[in-house]
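[1] Let's see this in three dimensions:
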Amino acid sequence: MISGAASADCGLLVVAATTGEFEAGFARGDGSNSGGGSTSSSGGVMCGQTREHIVLSRGLGVTQFVVAVNKLDAADPAWSEERFEHIRQRVLDFLKENGFKQFKERKITFVPVSGLTGVNVVSKEKRKRKGDGRHCDVGTRDRCWWRRWTD
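    From the prediction side, this is the model:
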């Protein structure tokens, strides 16, 4: 990760959206987060890897990020816009705290994805136009809010 980030201008940060996984990856080192973080061999609490990767990337000169919020299909409830916005806001706040505030928000892009099914990763799926002009996957209910991030 370090050798790649040292020569990169843009980073891809993949964040798990499932309950517990995001909290563990975004845990604080002081133990104040309910996620807890992992425990080191000396018994102290370490930062979650998401925070560590952001700090290391910024220190190595990365100025832009694409944040892929993964596993939204496995979140509870599936494809929850509220869960996506919660994660987006927490990560964006942390990015700004770590030196990204001097850059415009357009240099930090958030994309809801599902690596398992390939949504917003592999290709756009077959879609049909709904009456209000939005697109939605064939056979899904009204859960296609995430399409606006890639259309």
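
[2] Can you list the residue ranges for strands in the chain?
    10-16, 64-70, 108-112, 127-129, 135-137 (DSSP state E).

[3] quick one, which of the ones you listed is nearest to S57?
    Set against S57 and scored by CB to CB, these come closest in strand 10-16, at 4.9 Å. Backbone N, C-alpha and C define where each C-beta goes, glycine included.

[4] tell me the angle the closest one makes with strand 108-112.
    If you take axes from the mean of the first three to the mean of the last three CA atoms, to 10 degrees, strand 10-16 sits at 40 degrees to strand 108-112.

[5] what pairs with strand 10-16, and is each one parallel or antiparallel?
    Looking at strand 10-16 with DSSP bridges, its partner strands are strand 64-70 (parallel).

[6] Lowest average pLDDT across the strands of the chain?
    Of all the strands of the chain, mean pLDDT reaches its minimum on strand 127-129 (a mean of 41).

[7] For the strands of the chain, give me TSV that also has distance to E97 and mean neighbour count.
    Formatted as TSV, the strands of the chain follow (distance: least, CB to CB, whole Å; neighbours: other CB atoms under 10 Å):
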stretch	distance to E97	mean neighbour count
strand 10-16	15	17
strand 64-70	14	20
strand 108-112	13	19
strand 127-129	38	11
strand 135-137	36	16
